[in-house]
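[1] Take this sequence and fold it.
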Amino acid sequence: MHHAQVCINGKFNLNAGNLSSVGSCILTGPAATELDKCLKNDAINYLYSALISYAEAIKGVEAGFFSWATVKLYYCAFYSLRSILSVDGLCIFYVGSKGFSIKVRQGECPTKANGTTHKLVMNLYKKNNSSSPFVTQEIDMNEPFDWLMMKREEANYKNGRFTEPGMPIIFNKSSVGLQVLLKEYILDGEKKYCFDSDHAVLALPLEIIKEALNKLKTNTNFRLNTNDVRFLKSLLRVSGNPVVEFQKLIDDLK
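    All right, here's what the predicted structure looks like:
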């Protein structure tokens, strides 16, 4: 279970049969301090999941399995966004099946959430990062998160069958060479690729990973242990060779 959920369960007397009382719960100073630590612990776990999802997606692309790669790239972005929210002190928790969010600050009360966890994460990010390029920019006249979600839904639900062995147009740039592309995306400091529909399916999730990693490094002391770092660095290979720039990202989490 998520550390923050366990903390919330212990601090609030939550009752799925009386959801109307949840909004009246008040976060005390000591509880806010403890919850913040739990959230930051969750943040590095979410980022760990994002990095695995990205590596698995690249394996799929290299092998020509684009449908599930699209799903994994979407989940990579989702986990990274949740990591960012956790570092920023925005807690998502559940009472039964109903979602709530709370700002980790003394005196704050929970707010009932609408929609799925995925929609909640995206909407919370947009609300609290309204000037972020991930919110203000567009991909094919869609908000970046919506564009990525649409591509995931096309691959996962809307297409009558998977596209394989065909390559969806959003992956056409991968024919340039994944090693070259990944290096360009990781070293890109101007977000030149992540809002370009020719590159976005690979570049956008990676750019969000980079933001989550920077947030974690700057605002927390939580880091991955040696075994986790070694495992993550072993995952991403292109033609059997490591992506050095990706490994450097992971090394920053030591």
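
[2] okay, CA-based contacts and neighbour counts for the rest of this
    Noted.

[3] Mean confidence (pLDDT) on the helix ranked longest in the chain, please.
    Longest helix of the chain, by residue count under DSSP state H: helix 29-63. Confidence for helix 29-63, expressed as mean pLDDT, is 96.

[4] For that helix, buried residues please.
    Judged by neighbour count using 16 or more other CA atoms under 10 Å, the buried positions of helix 29-63 are 31-32, 35-62.

[5] just checking, what packs against it?
    Helix 29-63 makes packing contacts with helix 3-11, helix 66-87, helix 200-219, helix 226-235, strand 237-238 when contacts are defined by 3 or more CA pairs under 8 Å, 6 or more residues apart in numbering; DSSP states H and E.

[6] Would you indicate which residues of the longest one are buried?
    Under the neighbour-count criterion of 16+ other CA under 10 Å, helix 66-87 has 66-87 buried.

[7] got it, and the third one?
    Of the residues in helix 200-219, 200-217 count as buried by neighbour count, 16+ other CA under 10 Å.

[8] what residues does that helix touch?
    Residues outside helix 200-219 that contact it (CA atoms under 8 Å, 6 or more residues apart in numbering) are 40, 43-44, 47, 50-51, 54, 70, 73-74, 76-77, 80-81, 83-84, 87, 139, 148, 170-171, 182, 185-186, 191, 193-195, 222, 249, 252-253.

[9] Return stretch 105-114 as PDB; C-alpha atoms alone will do.
    What follows is stretch 105-114, C-alpha atoms only, in PDB (Å, rounded to 0.1, in the frame of the first residue of the first chain):
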ATOM      1  CA  ARG A 105      -0.300  21.600   5.400                       C
ATOM      2  CA  GLN A 106      -1.600  22.200   9.000                       C
ATOM      3  CA  GLY A 107      -5.300  23.100   9.000                       C
ATOM      4  CA  GLU A 108      -6.100  21.600   5.600                       C
ATOM      5  CA  CYS A 109      -9.100  19.400   5.000                       C
ATOM      6  CA  PRO A 110      -9.700  16.700   2.300                       C
ATOM      7  CA  THR A 111     -11.400  17.500  -0.900                       C
ATOM      8  CA  LYS A 112     -13.600  15.000  -2.700                       C
ATOM      9  CA  ALA A 113     -12.200  14.000  -6.100                       C
ATOM     10  CA  ASN A 114     -14.200  13.300  -9.200                       C
END
